[in-house]
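> Structure, please.
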Amino acid sequence: MKNNVRALRIHKDLAQGQLAEAMGVSRQTINSIENERYTPSLPLALSLARFFGVTVEEMFDDQGS
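As a prediction, this is how the structure comes out:
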């Protein structure tokens with residue numbers, strides 16, 4: 001699933017580890033999401049969206065465009 005987690009994280013000047021700590025997950029989880037190897041659970045997707053102040057739909061694109 002396409003996403004813009006990396007762009008949002010960089011815009012906030014956060015390292016993967018910092019975002020992971022804020023979300024209560026491992027840095028590897030954030031890395032896997034950013035590299036589109038892992039689709040986060042709904043609770044994690046909602047937490048990420050709230051953290052960045054965007055909607056889940058703005059963050060994730062299941063159409064791949």
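> hey, where'd the strands end up in this structure?
With DSSP state E as the criterion, the chain has strands at 2-3, 60-61.
> of those strands, which approaches L19 most closely?
Of all the strands of the chain, strand 2-3 sits nearest to L19, with 12.8 Å by CB to CB. Heads up, the C-betas are built off the backbone N, CA and C, glycines and all.
> who does the closest one pair up with?
Strand pairing for strand 2-3, using DSSP bridges, gives strand 60-61 (antiparallel).
> looking only at pLDDT, what's the mean for the strand it pairs with?
On average, the pLDDT along strand 60-61 is 91.
> contacts for it?
Strand 60-61 is touched from outside by M1, K2, N3, A45, with contacts defined as CB atoms under 8 Å, 6 or more residues apart in numbering.
> Try it again at 6 Å.
M1, K2, N3 (CB atoms under 6 Å, 6 or more residues apart in numbering).
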